[in-house]
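[1] here is a sequence together with a model predicted from it:
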Amino acid sequence: MDDCYTNVCYLIHFDEPVNRSGVQHYLGYASDLRVRISQHRMGKGAGMTRNANARGIGWRVVRVWRDADLDAEQALKAMVPKNLCPYCNRRAVRQKARLDAGQNSQVQGRPSLDV
Ligand SMILES: [Zn+2]
């Protein structure tokens, strides 16, 4: 039986901040993620997804933790959601890669100074 959508914690990333605090992530627990997501889509889920839907802000489930329980949800909620978000981190990694590339080009230029 395919149970990869049951008893999971999931992280939603919003394309834009959904409230005045600039919150851009929602972390939740679902006994059945497919049911829960359809509830979010229909505006029957959390207030944040309802707000996002009403304002036309796109959102996606970016990460799922399998075999989770409410303790796991509490532990994850104590962390910084952005640090858990692969979507945000992918952008951060790309920016870091650009910086590293810049540093590398400086490093490559340095030997000529030693000549
Ligand atoms: Zn994110």
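    In hand now; what should we look at? Numbers count the residues shown, from 1 in each chain.
[2] what's the first helix or strand after the helix or strand encompassing residue 76?
    Residue 76 is part of helix 70-77, with elements assigned from DSSP states H and E. Where DSSP H and E defines the elements, the next helix or strand beyond helix 70-77 is helix 81-84.
[3] just how off-centre is that next one within its chain?
    6 Å (Cα atoms, centre = their mean, to the nearest Å).
[4] only alpha carbons, please: show it as PDB.
    The C-alpha trace of helix 81-84 is given here as PDB (Å, rounded to 0.1, in the frame of the first residue of the first chain):
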ATOM      1  CA  PRO A  81      10.700  27.500   8.000                       C
ATOM      2  CA  LYS A  82      12.800  29.200   5.400                       C
ATOM      3  CA  ASN A  83      15.800  27.100   6.400                       C
ATOM      4  CA  LEU A  84      13.600  24.000   5.800                       C
END
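[5] who in this protein is up against the ion?
    13, 85, 87, 88 (Cβ under 5 Å from the ion). (C-beta placed from N, C-alpha, C; glycine too.)
[6] quick one: buried ones out of those?
    Among those, those classed as buried by 16 or more other Cβ atoms under 10 Å are 13, 85, 88.
[7] pick out the lowest-pLDDT one from those residues.
    Lowest pLDDT among these: residue 88, with 91.
[8] now it: how far from residue 71?
    25 Å (Cβ to Cβ, to the nearest Å).
[9] now residue 38
    Residue 38 is 26 Å from residue 71, by Cβ to Cβ.
[10] low-confidence ranges in this structure?
    Counting by pLDDT under 70, the chain has low-confidence residues at 1-2, 91-92, 102-115.
[11] what segments of the chain are helices?
    Assigned by DSSP state H, the helices in the chain fall at 33-41, 47-55, 70-77, 81-84, 86-114.
[12] now the most centrally placed residue in the chain, what are its backbone angles?
    In the chain, the centroid-proximal residue (Cα atoms, centre = their mean) is residue 85; its distance is 2.8 Å. Residue 85 adopts backbone torsions of phi -90, psi 110, taken as degrees, to the nearest 10.
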